[in-house]
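Novice: With the input below, show me the fold.
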Amino acid sequence: MKRIYWDIFAKDSLGGLFGTIGQTTGMDDAAPICYINEKKECFLIANSLRIFLRMVTSECEWRTNMIPSHGIVFYKSKTDAEHSLEFLEICQGIENSDC
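Specialist: This is a model prediction of the structure:
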């Protein structure tokens with residue numbers, strides 16, 4: 001399983017987080033913007049930060065365009081994740097040995 005990071009750039013008044021998955025957030029980047037609600041459910045809300053900002057500054061209600069992202073699972077800690085996932089030990093000296 002690939003480890004993916006979040007680039008969180010905002011929090012709303014309901015405790016939800018806005019960010020990108022696996023990429024940094026930038027005006028000219030084509031990184032999809034996601035929303036994580038207080039129940040740790042993830043939704044795609046725009047294909048880029050530029051599109052998202054147009055949505056929130058217009059009359060558009062961004063919550064009506066949320067698409068559920070069911071493949072994302074959140075864990076409270078690595079220890080909790082280890083109960084459901086297998087973590088593999090990766091050899092540090094790959095270039096000098098036969099792992």
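Novice: ranges for the strands of this structure?
Specialist: Using DSSP state E, the strands of the chain run over 6-11, 17-21, 33-36, 42-46, 67-68.
Novice: Quick check: which of the ones you listed is buried the most?
Specialist: Highest mean neighbour count among the strands of the chain (mean count of other C-beta atoms under 10 Å): strand 33-36, with a mean of 22. All C-beta atoms are positioned from the backbone trio N, CA, C, and that covers glycine.
Novice: outside of that one, which residues touch it?
Specialist: Here strand 33-36 makes contact (C-beta atoms under 8 Å, 6 or more residues apart in numbering) with 16-21, 25, 42-49, 51-52, 66, 69, 74.
Novice: ok, back up a step: for E89, find the nearest of the strands of the chain.
Specialist: Among the strands of the chain, the nearest to E89 by C-beta to C-beta is strand 6-11 (24.8 Å).
Novice: chain center to the closest one: distance?
Specialist: In this view, strand 6-11 has its centroid 8 Å away from the chain centroid, taken as C-alpha atoms, centre = their mean, to the nearest Å.
Novice: try stretch 6-24
Specialist: Per C-alpha atoms, centre = their mean, the centroid offset for stretch 6-24 relative to its chain is 7 Å.
Novice: pull the CA atoms of that stretch into PDB?
Specialist: Presented in PDB, the C-alpha positions along stretch 6-24 are these (Å, rounded to 0.1, in the frame of the first residue of the first chain):
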ATOM      1  CA  TRP A   6      -2.200  15.400   2.500                       C
ATOM      2  CA  ASP A   7      -1.400  19.100   1.900                       C
ATOM      3  CA  ILE A   8      -4.000  20.800   4.100                       C
ATOM      4  CA  PHE A   9      -4.500  24.500   3.300                       C
ATOM      5  CA  ALA A  10      -7.700  25.400   5.200                       C
ATOM      6  CA  LYS A  11     -10.200  24.400   8.000                       C
ATOM      7  CA  ASP A  12     -13.800  25.400   8.000                       C
ATOM      8  CA  SER A  13     -16.100  26.300  10.900                       C
ATOM      9  CA  LEU A  14     -17.500  22.800  11.100                       C
ATOM     10  CA  GLY A  15     -14.100  21.200  11.600                       C
ATOM     11  CA  GLY A  16     -13.600  20.000   8.000                       C
ATOM     12  CA  LEU A  17     -10.300  20.300   6.200                       C
ATOM     13  CA  PHE A  18      -9.500  21.300   2.700                       C
ATOM     14  CA  GLY A  19      -6.400  20.100   0.900                       C
ATOM     15  CA  THR A  20      -4.900  18.000  -1.900                       C
ATOM     16  CA  ILE A  21      -3.900  14.300  -1.800                       C
ATOM     17  CA  GLY A  22      -0.300  13.400  -2.800                       C
ATOM     18  CA  GLN A  23       0.500  16.900  -4.200                       C
ATOM     19  CA  THR A  24       1.200  20.300  -3.000                       C
END
